[in-house]
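# give me a 3D structure for the following:
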Amino acid sequence: MYKIMTPGPTQVLEKVRMARSLACTNPDLDTAFFDFYKDTCMLISSLLHTKNETLILDGEGILGLEAACASLTEPGDKVLVLDNGIFGKGFADFVRLYGGNAEVYHADYEHTLSVDALADYLKLHHDYKYATVVHCDTPSGILNDVQQICPLLKQYGILTVVDSVSAMFGEPIDVDAFQIDILCGGSQKAVSAPPGLTFVTISEAAKEAMKNRSTPIASFYANLMAFENYYEKKWFPYTMPISDIYGLRAAIDEIANDTDMLHRHKIIADATRSTLIAAGLKLHQKSGFSNTVTVFDIPQGITAAQILESMKAKHQIMLAGSFDDFLGKVIRIGHMGTNATISNMVDTLYALDDVLRSLGVPLNVQLDQYFLKTVRASS
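Modelled structure (predicted):
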């Protein structure tokens with residue numbers, strides 16, 4: 001078995017795996033499960049600092065992104081897609097799929113989205129139903145300041161849709177304070193449950209926009225309104241994946257009890273980046289560094305495949321390359337959720353040091369030792 005140090009899926013705790021093995025009831029008929037589902041949703045809302053309703057959907061994180069666009073978009077709607085990463089630009093596909101007019105705001109893929117530049121743009125361009133933004137765009141590791149971006153959009157009455165699948169619970173998120181109308185999360189990132197579930201928080205303003213559509217939502221499975229009054233009716237739009245939700249709840253309970261989670265992510269992320277820089281490696285982005293993933297450029301003369309395959313073969317540790325614009329150019333280390341421990345990072349950096357040196361890459365420091373020294377100095 002590999003130690004999974006990728007930016008999702010992440011390692012899963014034994015108690016989460018065991019929760020998934022509990023005996024199943026019939027989730028369509030057992031009213032106790034409706035209570036369990038609703039209670040889990042309310043716990044997620046509280047951890048994300050919102051009074052908005054949370055829904056757990058049966059599908060990987062991409063389902064939440066599509067469901068947000070499917071439920072809000074009507075043919076001809078103008079939608080602002082904030083693009084400074086692969087997942088950022090990907091929102092345009094969902095908007096167009098449901099008949100919307102996606103206007104893409106292109107920005108640099110190596111920097112966090114400039115709030116000042118966006119503010120200037122919005123002065124002349126703000127006739128949008130909603131806007132989409134990615135909190136952490138994992139293919140490049142870019143982190144965007146949704147705390148500033150979303151209130152700026154709301155000044156113009158623009159609904160906000162945020163993909164925080166790869167950031168939430170590793171980065172601070174306050175849905176109500178940040179003025180986020182639909183926030184999308186997933187089970188397999190910092191939540192550290194297996195892939196297969198997405199969850200969304202939905203504001204009253206977003207619900208009103210869905211209810212006041214002049215055309216029906218052009219999907220069933222990606223229709224957030226299909227869950228309307230599910231608890232009062234004791235009726236789900238489809239059979240809930242009960243074992244997955246049991247596992248998710250165990251993972252969410254771990255988060256609720258982990259008061260040091262955000263601080264630990266920051267300490268580990270800062271130390272990881274400092275270590276790679278001290279060693280002479282080049283971080284890929286120039287700003288907008290995430291506490292959940294570190295991305296560095298492939299050293300000259302070797303390939304991503306050589307690094308990744310050697311890490312697995314020699315040390316049984318799985319890192320990630322990237323795709324699309326970044327294919328073959330970068331290596332990504334996931335330090336999110338249960339991955340984000342000092343021991344995991346020491347093991348990973350010891351192995352990476354060995355692999356890079358064996359491939360002829362000169363390093364200025366011993367990666368694991370420098371990391372440990374840096375973490376201890378900041379604790």
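
# tell me what Asp137 is bridged to.
Following DSSP bridges, Asp137 is listed with bridge partners Ile142.

# pLDDT score for it?
In the prediction, the pLDDT value recorded for Asp137 is 97.

# again with His125
In this model, His125 is scored at 97, pLDDT.

# give me every residue that touches it.
If you count contacts by Cβ atoms under 8 Å, 6 or more residues apart in numbering, His125 has them with Leu80, Glu103. Using the backbone N, CA and C atoms, a C-beta is placed for each residue, glycine as well.

# one more: Ile331?
With Cβ under 8 Å, 6+ apart, Ile331 has these contacts: Val295, Phe296, Ile298, Ala304, Ile307, Leu308, Leu319, Ala320, Gly321.

# check the secondary structure at it for me.
Assigned state for Ile331: strand (three-state reduction, DSSP: H, G, I helix; E, B strand; the rest coil).

# let's see the pLDDT reported for it.
Note on Ile331: pLDDT of 98.

# which of the contacts of Ile331 fall within strands?
Judged by DSSP state E, the contacts of Ile331 include Val295, Phe296 as members of strands.

# closest one of the contacts of Ile331 to Ser114?
Distance to Ser114, by Cβ to Cβ, is smallest for Val295 among the contacts of Ile331, at 19.7 Å.

# so what's that closest one bridging to?
Arg332.

# got the contact list for it?
Ser140, Gly141, Leu283, His284, Gln285, Ser322, Val330, Ile331, Arg332, Ile333.

# do the same with Ile302
Applying Cβ under 8 Å, 6+ apart, we find Ile302 in contact with Leu359, Gly360, Val361.

# so is the second one in a helix, a strand, or just coil?
Right, the one you point to is Gly360. Classification of Gly360 using three-state DSSP returns coil.

# go ahead and confirm it touches Ile307.
No. Assessed by Cβ atoms under 8 Å, Gly360 is found out of contact with Ile307, at 11.9 Å.

# all strands for the stretch 1-150 of the chain, in order.
For the stretch 1-150 of the chain, applying DSSP state E, counting those that start in this stretch gives strands covering 3-4, 53-58, 78-83, 101-106, 130-134, 136-137, 142-143.

# direction included, what does the second one pair up with?
Strand 53-58 has these partner strands in its sheet, going by DSSP bridges: strand 197-202 (antiparallel).

# top of the contacts of Ile331 by neighbour count?
Neighbour count (other Cβ atoms under 10 Å) singles out Val295 as the most crowded of the contacts of Ile331, with 25 neighbours.

# just put the strands of the stretch 1-150 of the chain in TSV and tack on mean neighbour count.
Formatted as TSV, the strands of the stretch 1-150 of the chain follow (neighbours: other Cβ atoms under 10 Å):
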stretch	mean neighbour count
strand 3-4	18
strand 53-58	21
strand 78-83	24
strand 101-106	16
strand 130-134	29
strand 136-137	30
strand 142-143	28
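
# which one of those lies nearest to Leu248?
In terms of Cβ to Cβ, the element of the strands of the stretch 1-150 of the chain nearest to Leu248 is strand 53-58, at 6.9 Å.

# what ranges does the stretch 1-150 of the chain have for its helices?
14-19, 31-47, 61-72, 86-97, 115-124, 146-154 (DSSP state H, counting those that start in this stretch).

# quick one, which of those is nearest to Thr239?
Of the helices of the stretch 1-150 of the chain, the one closest to Thr239 (Cβ to Cβ) turns out to be helix 31-47, at 10.7 Å.

# tally of neighbours for the nearest residue in space to Gly196 that is not next to it in sequence?
Nearest residue to Gly196 in three dimensions, chain neighbours excluded: Asp244, at 5.1 Å (Cβ to Cβ, 6 or more residues apart in numbering). Number of residues near Asp244 (other Cβ under 10 Å) recorded here: 19.

# what packs against the helix or strand containing Asp244?
Per DSSP states H and E, Asp244 falls inside helix 242-256. Judged by 3 or more Cβ pairs under 8 Å, 6 or more residues apart in numbering; DSSP states H and E, the packing partners of helix 242-256 are helix 14-19, helix 31-47, strand 53-58, strand 197-202.

# which of the residues in the helix or strand that that helix is followed by are buried?
With elements assigned by DSSP H and E, the helix or strand that comes after helix 242-256 is helix 261-279. Neighbour-count burial for helix 261-279, counted by 16 or more other Cβ atoms under 10 Å, picks out 261-262, 264-276, 278-279.
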